[in-house]
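Colleague: Just a sequence and a predicted model for now, questions to come.
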Amino acid sequence: MAIFSSFLNNGKGNGSRRSDKDKPLTFQDRMGALRNLPQFFRLVWQTSPPMFVGNIILRIVRSALPVLMLYLGKLIIDEIVQVTQLPAPRDLSYLWQLVGLELVLAIVSDALSRAIALLDSLLGDLFANQTSIQLMEHAAKLDLDQFEDSTFYDKLERARQQTLGRTVLLAQVLGQVQDMITMVFLATGLVVFNPWLILLLVLAVVPAFLGEAHFNEKSYSLVHGWTPERRELDYLRYTGASDETAKEVKIFGLSNFLTDRYRSLSTQYYHANKKLAVKRASWGSLFAAIGSAGYYGAYVFIIWQTVSGSITLGSLTFMAGSFRQLRALLESMLNRFVSVSQGALYLRDLFDFFEIQPKINSPQKTRAFPRPIKHGFVFEDVGFKYTNSDKWANRHLSFHLRAGEKLALVGENGAGKTTLVKLLARLYDPTEGRILLDGYDLREYDLTELRQEIGVIFQDFVKFQMTASNNIAVGRIADKENKNRIEHSAHQSLADTVIDRLPGKYEQVLGRRFAKGVELSGGEWQKIALGRAYMRDAQVLILDEPTAALDARAEYEVFQRFADLTKGKTAVLISHRFSTVRMADRILVLENGELLEIGSHENLLANDGRYAELFRLQARGYQ
Ligand SMILES: Nc1ncnc2c1ncn2[C@@H]1O[C@H](COP(=O)(O)OP(=O)(O)OP(=O)(O)O)[C@@H](O)[C@H]1O
């Protein structure tokens, strides 16, 4: 719904984006973001302590190698110069030792780099898997209304991207630490020869760093600020080309409508991005030129010193090599600092998501769920408003759903029937009033126990793209291997008549998403979904339009078995079909979210109120 409101009303969607996009990111924000790193590393550490420690040790060893190699190079050149000045026969054994050592270092250095890259990628993969699982686990704890909020979805979307993107961050931060140590080694060597070169180095590199920092801030703001649009783009791409939508897109000729919207949004994003990319490339070239000038300044200075005889040729190669490597290291470190801090900023989105807490919880001390329920449910002036709406979906609801009673909910579309049953299952808590179960507020019971005792088959039940067997077993997933129970449930809900015709029977994958999946008709899916109610061993059963898609014969048969299904249970039934409704003990008529009348079929007909009117209206249609 939120997607469509921004779809139809551009102003609304863009409003939130602008305020986000204009928010400048300061250097403090950036530094502040680094505070996310310890938490990040705690997560990485938890992923695999041995791999993490191994990675750090290898990196420390690897970081000492560049300066050692350079120094060996210096010794080799100085030795060559010295040896060539001696008369024959010359003793070259020291020279060959040095060359041999350099070869060993080169091999070790390469092997270490490969081992580090391997550990980085393995650790990264494990981290991505673990974070994805944590994300799913956390999402499962959150409230339904949090899922119905579009800003929540933006957060979820950004958090999802983090699970993969952060493997890069891991290698970057560790690489940063390694380069820092390498730099200390190289800089110490350089300072020993000539401290002024360090100053020249800093002057050459800092402008490029500041430039990168500036543009990275802009790019983060852009990506962050455009999250709703990027989600809409994904949605449009999906809607424009998916099996679920293809039918209506064709029939209503929606292709142009969707592609036009996609084109206009993606073009806006492209232009915003292009402007930034062009600026970044231009300034980047200028800063790189300054860096090169600094390097050649230092190079000229070293050459001049060598020519004037104050340093050896070996020292020239050492200093020029150190300077070149330091410049490259410093540049990559400073640039990496920008992407590390940017990555750390994005990391905030992941942690923010993990910090969202459900509002619907079990209390510290829970009350034992009554087995069996003795008194039933009492609604005391219950009212409910959806978070994103000012309208009362339910209001002033006061009634008693007795233990073992079969209650039917009747009312026009949008009257609040589904909302009422969602309140009963504590998918939401009432905005006002309260619901009592055997005399105590529903909020006093353990949530998991409550949900176990209440089985709901929703009108918009999920068509799991899984096997027929699993589709029924979801009613009681602990019994997913219990073939007898699954087959019995399928028989009771008439799903067996569907499954018997499937090529793979119970192991047949349903839906078209995966290879060899078989799509079912609406009524066939409903029979499968109804099987879930029979799987469930709950004391309260809620069926929201359980037979809406069934043909007349199937509906009749399902209701023949309905008494069996609800025997000894409290049941709530939502239906627009009066043939179904009249099977209930009592009928509750809702209008605009409020209770209009309640009583048995006969009583309500005798009252000659709204129920009687609706009943006669439907009956007339059949005459
Ligand atoms: N997730 C939601 N967010 C905001 N408003 C909602 C949401 N779900 C339902 N509503 C609104 O609450 C009101 C009651 O909806 P509900 O789904 O309970 O009606 P219903 O009686 O079950 O309708 P139907 O017979 O069409 O299934 C409607 O006005 C609807 O627009």
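Modeller: Perfect, thanks for sending it.
Colleague: What count of nearby residues applies to the residue of the stretch 201-350 of the chain found nearest the ligand?
Modeller: Closest contact between the stretch 201-350 of the chain and the ligand, by CB to the nearest ligand atom, is at Tyr235 (17.6 Å). No exception for glycine: its C-beta is placed from N, CA and C like everyone else's. Residues lying near Tyr235 (other CB atoms under 10 Å) number 17.
Colleague: List the buried residues of the one helix or strand Lys247 maps to.
Modeller: Assessed by DSSP states H and E, Lys247 sits inside helix 246-251. Using 16 or more other CB atoms under 10 Å as the test for burial, helix 246-251 gives Val249.
Colleague: next SSE after that helix?
Modeller: Sequence order places helix 255-307 as the next helix or strand after helix 246-251, per DSSP H and E.
Colleague: For the next helix or strand after that following helix, name the packing helices and strands.
Modeller: Where DSSP H and E defines the elements, the next helix or strand beyond helix 255-307 is helix 313-355. With contacts defined as 3 or more CB pairs under 8 Å, 6 or more residues apart in numbering; DSSP states H and E, helix 313-355 has these neighbours: helix 27-33, helix 36-47, helix 49-84, helix 93-141, helix 150-193, helix 196-225, helix 255-307.
Colleague: Give the rounded mean pLDDT of helix 313-355.
Modeller: Helix 313-355 carries an average pLDDT of 82.
Colleague: swap in stretch 281-300?
Modeller: Averaged across stretch 281-300, the pLDDT comes to 85.
Colleague: Tell me the buried residues in that stretch?
Modeller: Trp283, Phe287, Ile290, Gly291, Gly294, Tyr295, Ala298.
Colleague: How about the residues of this protein by the ligand?
Modeller: 148, 386, 388-389, 393, 411, 413-419, 459 (CB under 6 Å from any ligand atom).
Colleague: hmm, back to that, quick check: phi and psi at the residue of the stretch 201-350 of the chain closest to the ligand.
Modeller: phi -60, psi -40 (degrees, to the nearest 10).
Colleague: measure it to Ala272 for me?
Modeller: According to CB to CB, to the nearest Å, Tyr235 stands 19 Å off from Ala272.
Colleague: repeat for Glu602
Modeller: In terms of CB to CB, Glu602 sits 67 Å off from Ala272.
Colleague: The two: which has the busier surroundings?
Modeller: Ala272 (15 against 9).
Colleague: on that earlier part again, give me the contact list for the helix holding Lys247.
Modeller: The contact list for helix 246-251 (CB atoms under 8 Å, 6 or more residues apart in numbering) reads Thr239, Gly240, Leu254, Ser255, Leu258.
Colleague: The residues you listed, buried ones only, as a PyMOL selection?
Modeller: Burial among the contacts of helix 246-251 is assessed by 16+ other CB under 10 Å; the matching PyMOL selection reads:
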select buried, resi 239+240+258
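Colleague: among the contacts of helix 246-251, which two are most distant?
Modeller: Spatial extent of the contacts of helix 246-251 (CB to CB) is set by the pair Thr239 and Ser255 at 10.1 Å.
Colleague: Now do the same for Phe7: its pLDDT.
Modeller: On the pLDDT scale, Phe7 gets 31.
Colleague: from now on call the first residue 39
Modeller: From this message on, residue numbering opens at 39, which makes the last subject Phe45.
Colleague: What residues does the residue in the stretch 189-338 of the chain positioned nearest to the ligand make contact with?
Modeller: Of all residues in the stretch 189-338 of the chain, Phe190 sits closest to the ligand, at 12.6 Å by CB to the nearest ligand atom. By CB under 8 Å, 6+ apart, the contact set of Phe190 is Gln184, Ile394.
Colleague: before we move on, the earlier item: just the residues of the chain next to the ligand: which are in strands?
Modeller: Of the residues of the chain next to the ligand, the ones assigned to strands by DSSP state E are Ala431, Gly449.
Colleague: So which of the residues of the chain next to the ligand wins on neighbours?
Modeller: Lys455 (27 neighbours).
Colleague: ok, so what distance separates that one from Leu581?
Modeller: Distance of Lys455 to Leu581, computed by CB to CB: 11 Å.
Colleague: any residues in contact with both of the two?
Modeller: Each of Ile612 lies in contact with both Lys455 and Leu581 under the rule CB under 8 Å, 6+ apart.
Colleague: ok, the closest residue to Lys256 other than its chain neighbours to Phe295 distance?
Modeller: Of all residues not flanking Lys256 in the chain, Leu314 sits nearest, at 5.6 Å (CB to CB, 6 or more residues apart in numbering). As judged by CB to CB, Leu314 and Phe295 stand 30 Å apart.
Colleague: before we move on, what about Ser147?
Modeller: Distance, Ser147 to Phe295, by CB to CB: 59 Å.
Colleague: Lowest mean pLDDT among the helices and strands, pick that one out for this protein.
Modeller: Within the chain, no helix or strand scores below helix 40-46, which has a mean of 32 by mean pLDDT, DSSP states H and E.
Colleague: Looking at Glu632 now. What's its pLDDT?
Modeller: For Glu632, the predicted pLDDT is 94.
Colleague: what does stretch 375-394 contact?
Modeller: With CB under 8 Å, 6+ apart, stretch 375-394 has contacts from 63, 67-69, 71-75, 77-78, 169, 172-173, 176, 180, 184, 190, 193-194, 196-197, 199-201, 203-204, 206-207, 210-211, 214, 247, 250-251, 254-255, 257-258.
Colleague: Narrow the residues you listed to just the buried residues.
Modeller: Applying 16+ other CB under 10 Å to the contacts of stretch 375-394, the neighbour count classes 63, 68, 71-72, 74-75, 78, 169, 172-173, 176, 180, 184, 190, 193-194, 196-197, 199-201, 204, 207, 210-211, 247, 250-251, 254-255, 257-258 as buried.
Colleague: per-residue pLDDT, Ile219?
Modeller: 89.
Colleague: Oops, could you answer that again for Leu488 instead?
Modeller: Listed pLDDT for Leu488 reads 90.
Colleague: Return the residues in contact with the nearest residue to it once chain neighbours are set aside.
Modeller: Excluding its sequence neighbours, the residue lying closest to Leu488 (CB to CB, 6+ apart) is Arg464, at 5.8 Å. The contact partners of Arg464, taken as CB under 8 Å, 6+ apart, are Ile398, Leu480, Arg481, Leu485, Leu488, Arg489.
Colleague: any idea how far Arg464 is from the ligand?
Modeller: Applying CB to the nearest ligand atom, to the nearest Å, the value for Arg464 to the ligand is 16 Å.
Colleague: Now that residue: phi and psi?
Modeller: Phi and psi for Arg464, reported as degrees, to the nearest 10, are phi 60, psi 40.
Colleague: Do you have the strands of the stretch 439-588 of the chain handy? List them.
Modeller: Using DSSP state E, counting those that start in this stretch, the strands found in the stretch 439-588 of the chain span residues 444-449, 470-475, 478-479, 492-495, 578-582.
Colleague: Nearest approach to Thr350 belongs to which of the ones you listed?
Modeller: Closest approach to Thr350 among those (CB to CB): strand 492-495, 84.5 Å.
Colleague: Which strands border the closest one, and is each parallel or antiparallel?
Modeller: With DSSP bridges as the test, strand 492-495 is paired with strand 578-582 (parallel).
Colleague: now the partner strand against strand 470-475, angle please.
Modeller: Counting by axes from the mean of the first three to the mean of the last three CA atoms, to 10 degrees, strand 578-582 points 130 degrees away from the direction of strand 470-475.
Colleague: Understood, closing this out.
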